[in-house]
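Visitor: Just need the structure, nothing else, for what follows:
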Amino acid sequence: MAATTDRPVSPLSDRRVLLGVTGGIAVYKAAVLARLLVQARAQVQVVMTPAALRFVGADTFAALTGRPVYSDVFQEVERVLHVRLAREADVAVVAPATANALAKIALGLADDLLSSTLLEARCPVVVAPAMHTGMYEHPATQSHLAALAERGVVVVGPATGPLAAGDEGAGRMSEPEEVLGAAETALSRGRDLAGRRVMVTAGPTREPLDPVRFIGNRSSGKMGFAVAEEAAARGASVTVVCGPVDLSDPPGIEVIRVETAEDMRTAVVSRLESVEAVVMAAAVADWRPARAAGEKLKKAAGAPHVDLVPTSDILQEVGARKEGLVLVGFAAETGDLEATGRRKLAEKNLDLIVVNEVGRAGTGFGSETNDAMILSAGGGDEPLRTWTKRELASTICDRLAKLLAE
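Guide: Numbering: from 1, shown residues only. Take a look at the predicted model:
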């Protein structure tokens, strides 16, 4: 079955988006985001801080959006500009959001047009942090991000990668497409998971061959983290059990890091009684060496003979013990997606299964998009198509909310 790239009309169509741009090198991504918002048929009003104007001129954003750009509280003295801008916005997006901007928003400061507008705004707010790693990891910044997440602000990223001045690490602004998806999600959802307790598994597991080598897979953990962030933004109390991934802990979410399939099983099973829904997005290894060598295997000794034994089927075990839990499974497949998905849906006693196509570029492990279908035990399947991970996470949480309400 071939995937389709047809997408529904964006929730941003004919909606008013306040795009706040603050002063960092990632301002160039904000210009791309402005174009994407316009292409989604949003009405985009850009507000820039004085520092942002040092990187990109207002004329760039005015040309992209077809609207004047505001940067000064007193730019229109005949009316209270920040109040008008706040009340007109259906959603506010701050990208890039510097450490300074995040601190202002979290603390309720209002010393420029953007911070004043955000303090007045009652619409959904999305922030895309962008800064150097030290600033991002500082306890003050983490505290501000946690406070924003607690208030329902959608925090997108940051990613890990190249930064300014040749540095590399956590703090890189998420790509504009991902921020766009977060804005779409913010407009289309409410707090429909408020008070719910959700556990998500994410990433790969590693099964040791010796002290330095392991059997693993290419899972990045991005899908599981996207589901966790989406559920938290909708008000859920979220725990993530993840294997080794190069992702920072999302603000306001409990993250339990594990290594092997058995470690993940122990963490998941021990928490089943404290949650109402489980989303098993991790790519758990199916096999492990029967015995891990205590010392590094030497190349000079020749190729080792490795006996493999199956790991625990965590999804099967949780399905057998679900007792009222809503259970969502994932399957990464290269063959007949639907037939395999329906078999696993029944065999593992799942409410939903997300079947991902893998094995080619642009979908699955490490990609920003998934070619996937959602199969449901209760009917109402989602056909195979191309999704961003955030779009897929949003739809999974839509279904979770409905199942938990039944």
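Visitor: Any buried residues in stretch 117-126, and which?
Guide: 117, 118, 120, 121, 123, 124, 125, 126 (16 or more other C-beta atoms under 10 Å). Placement of C-beta: from N, CA and C, glycine included.
Visitor: hmm, who's touching it?
Guide: 18, 20, 47, 82-83, 85-87, 89-95, 105, 108-110, 148, 152-154, 156, 179, 182-183, 186-187 (C-beta atoms under 8 Å, 6 or more residues apart in numbering).
Visitor: Show only the entries of those residues found in helices.
Guide: 82, 83, 85, 86, 87, 105, 148, 179, 182, 183, 186, 187 (DSSP state H).
Visitor: Most neighbours among the residues you listed, which one is it?
Guide: residue 183 (33 neighbours; other C-beta atoms under 10 Å).
Visitor: Now do it against residue 295, distance only.
Guide: Distance from residue 183 to residue 295, counting by C-beta to C-beta, to the nearest Å: 53 Å.
Visitor: same check, this time on residue 115
Guide: Taken as C-beta to C-beta, the span from residue 115 to residue 295 is 58 Å.
Visitor: How about residue 198: which residues does it bridge to?
Guide: Listed by DSSP bridges, the beta-bridge partners for residue 198 are residue 238, residue 277.
Visitor: What about it, how many residues nearby?
Guide: Counted with other C-beta under 10 Å, residue 198 comes out at 27.
Visitor: Would you quantify the distance from it to residue 291?
Guide: Distance from residue 198 to residue 291, by C-beta to C-beta: 37 Å.
Visitor: need the contact list for the residue most central in space within the chain.
Guide: For the chain, residue 226 is the residue whose C-alpha lies nearest the centre (C-alpha atoms, centre = their mean; 2.6 Å). Going by C-beta under 8 Å, 6+ apart, residue 226 touches 389, 390, 392, 393.
Visitor: Can you verify my assumption that the last one contacts residue 224?
Guide: Same thing as residue 393. No - counting by C-beta atoms under 8 Å, residue 393 does not reach residue 224; the two are 9.0 Å apart.
Visitor: And residue 292, how close does it get to residue 56?
Guide: Taking C-beta to C-beta, one finds residue 292 at 53 Å from residue 56.
Visitor: swap that for residue 315, please
Guide: According to C-beta to C-beta, residue 315 stands 47 Å off from residue 56.
Visitor: out of those two, which sits in the more crowded spot?
Guide: Neighbours were counted for residue 315 and for residue 56 using other C-beta under 10 Å; residue 315 has more, 25 against 16.
Visitor: for the more buried one, helix, strand, or coil?
Guide: Here residue 315 is recorded as helix under DSSP: H, G, I helix; E, B strand; the rest coil.
Visitor: shouldn't it be in contact with residue 280?
Guide: Yes - using C-beta under 8 Å, residue 315 is in contact with residue 280, at 5.1 Å.
Visitor: what sits in contact with each of those two?
Guide: Among the neighbours of residue 315, those also in contact with residue 280 (C-beta under 8 Å, 6+ apart) are 327, 329.
Visitor: C-alpha coordinates for stretch 139-150, CSV please?
Guide: Taking Å, rounded to 0.1, in the frame of the first residue of the first chain, the C-alpha atoms of stretch 139-150 are listed here in CSV:
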residue,chain,number,x,y,z
PRO,A,139,18.9,25.6,36.5
ALA,A,140,17.2,29.0,36.0
THR,A,141,16.3,28.3,32.4
GLN,A,142,15.1,24.8,33.2
SER,A,143,13.0,26.2,36.0
HIS,A,144,11.5,28.8,33.6
LEU,A,145,10.7,26.1,31.0
ALA,A,146,9.1,23.9,33.7
ALA,A,147,6.9,26.8,34.8
LEU,A,148,5.8,27.5,31.3
ALA,A,149,5.0,23.9,30.6
GLU,A,150,3.0,23.8,33.8
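Visitor: Distance from the chain centre to it, please.
Guide: In terms of C-alpha atoms, centre = their mean, to the nearest Å, the centre of stretch 139-150 is set 17 Å apart from its chain centre.
Visitor: can you list contacts of that stretch?
Guide: Contacts for stretch 139-150 (C-beta under 8 Å, 6+ apart): 99, 102-103, 105-107, 125, 127, 129, 131, 135, 155, 232-233, 250-253.
Visitor: Inside helices: which ones of those residues?
Guide: 99, 102, 103, 105, 106, 107, 135, 232, 233.
Visitor: Redo the buried residues of stretch 117-126 as JSON lines? Include distance to residue 385 and pLDDT.
Guide: Converted to JSON lines, the buried residues of stretch 117-126 look like this (distance: C-beta to C-beta, whole Å; pLDDT from 0 to 100):
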{"residue": "117", "distance to residue 385": "37", "pLDDT": "94"}
{"residue": "118", "distance to residue 385": "35", "pLDDT": "95"}
{"residue": "120", "distance to residue 385": "39", "pLDDT": "90"}
{"residue": "121", "distance to residue 385": "33", "pLDDT": "89"}
{"residue": "123", "distance to residue 385": "29", "pLDDT": "86"}
{"residue": "124", "distance to residue 385": "25", "pLDDT": "88"}
{"residue": "125", "distance to residue 385": "29", "pLDDT": "93"}
{"residue": "126", "distance to residue 385": "24", "pLDDT": "94"}
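Visitor: Which ones among those map onto strands?
Guide: 125, 126 (DSSP state E).
Visitor: would you list the buried residues of stretch 117-126 in CSV and tack on distance to residue 398?
Guide: Formatted as CSV, these follow (distance: C-beta to C-beta, whole Å):
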residue, distance to residue 398
117, 30
118, 27
120, 30
121, 25
123, 20
124, 16
125, 21
126, 18
